[in-house]
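**Q** just a sequence and a predicted model for now, questions to come.
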Amino acid sequence: MPACGRSYELGLKGSWLQERLNASAALFRTRQDNLAEATGGLVEGSTQAAYRAVKGATVDGLELELAGEPLPGWSLGTSFTTFIAQDAQGRAINTAKPRSLFKLFTTWRLPGTWDRLTLGGGVDWQNRMYQTATAPGNRRVPVEQPGYALVNLMARYQFSSNLSAAVNINNLFDRHYYSQIGFYNQGWYGAPRNVMFTVKVGY
């Protein structure tokens, strides 16, 4: 059966510093029937993931965002999302997804003779994910990824209006984590520390 439901949202937006800094806040609620949720088991006689249709699913949440250029050369972007998802009996659903997320990234273009250089960094954080999964031998086992934060850095040099080069360091502290959990054979490791160089040429 197809999923069906209704969504409601109430929000506020504002700007400051002659609209150089913008913020928003929103409350949201979704009510849905036949929402697909992984059971942590397998379809009988196969290795396919099993799902159940959740009736009376409710998701209540909050979103906050702040972005702009508070000072010349300084750019900022940050957001926070948190929600509660449960079925008609008040039991948590889709727990293999994080309930809270925080993102922050900022860049600073250096002043004076160094104004061709931009430095930046950010943090991505999420809280725990968990689920009961099916292990070999049809055993039921709990799987969990505790909350974690990833730190990223960047530097960019503008050689001219048409040429720039940048270096990005992702997962600076080489945090080991699962970006996805669920079935025993379907956990996905997140990307390890990596460095990326890029050159952009305009015409």
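**A** That came in fine, so what should we check first?
**Q** count of residues packed around Leu10?
**A** 9 (other CB atoms under 10 Å). Just so you know, the C-beta spots here come from the backbone N, C-alpha and C atoms, and that holds for glycine as well.
**Q** remind me, longest strand of the protein?
**A** In the chain, assigned by DSSP state E, the strand with the most residues is strand 57-71.
**Q** how far is the next helix or strand after that one from where the chain is centred?
**A** Per DSSP states H and E, strand 57-71 leads on to strand 74-86 as the next helix or strand towards the C-terminus. Offset of strand 74-86 from its chain centre (CA atoms, centre = their mean, to the nearest Å): 9 Å.
**Q** what helices or strands is strand 74-86 leaning on?
**A** Applying 3 or more CB pairs under 8 Å, 6 or more residues apart in numbering; DSSP states H and E, one finds that strand 74-86 contacts strand 57-71, strand 100-109.
**Q** and Gly5, which of the ones you listed is closest to it?
**A** Proximity to Gly5 (CB to CB) singles out strand 57-71 among the helices and strands packed on strand 74-86, at 7.6 Å.
**Q** sheet partners, orientation included, of the closest one?
**A** strand 21-33 (antiparallel), strand 74-86 (antiparallel) (DSSP bridges).
**Q** rank the ones you listed by pLDDT, which is bottom?
**A** Set side by side, the strands paired with strand 57-71 differ in mean pLDDT, and strand 21-33 is lowest with a mean of 93.
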